[in-house]
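K.L.:
coords below, sequence missing:
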């Protein structure tokens, strides 16, 4: 395992301390690792969306109205929150 030392403003340190204090994380390191995991997942999700867009642009695709796109996006976000 690699050990890193980081510096941050007092307000950020206090925020992390509070998250640990209420039991959301066991320690500061767990919190930071969780942030990194979530960022990586977010970047992977962006790549997947971009790939789907690229595929749609190359193929015949399915035509959707802007309203239908927003509705599908809301359903997807709700599904992720439930899984989450």
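P.N.:
The structure has been received and is ready for your questions. Small disclaimer: the values here were computed from a predicted structure and weren't measured.
K.L.:
Need phi/psi at residue 23.
P.N.:
Dihedral angles phi and psi of residue 23 (degrees, to the nearest 10) take the values phi 90, psi 10.
K.L.:
Tell me the buried residues in the helix or strand containing residue 46?
P.N.:
Taking DSSP states H and E as the definition, residue 46 sits inside helix 28-58. Within helix 28-58, the residues scored as buried using 16 or more other Cβ atoms under 10 Å are residue 31. The way it works is simple: take the backbone N, C-alpha and C, and place the C-beta from them, glycine included.
K.L.:
The least confident helix or strand in the chain by mean pLDDT - contacts with which helices or strands?
P.N.:
The weakest-scoring helix or strand in the chain, judged by mean pLDDT, DSSP states H and E, is helix 66-83 (a mean of 86). Helix 66-83 makes packing contacts with no helix or strand when contacts are defined by 3 or more Cβ pairs under 8 Å, 6 or more residues apart in numbering; DSSP states H and E.
K.L.:
Name the residues that touch that helix?
P.N.:
Identification of contacts with helix 66-83 by Cβ atoms under 8 Å, 6 or more residues apart in numbering yields residue 64.
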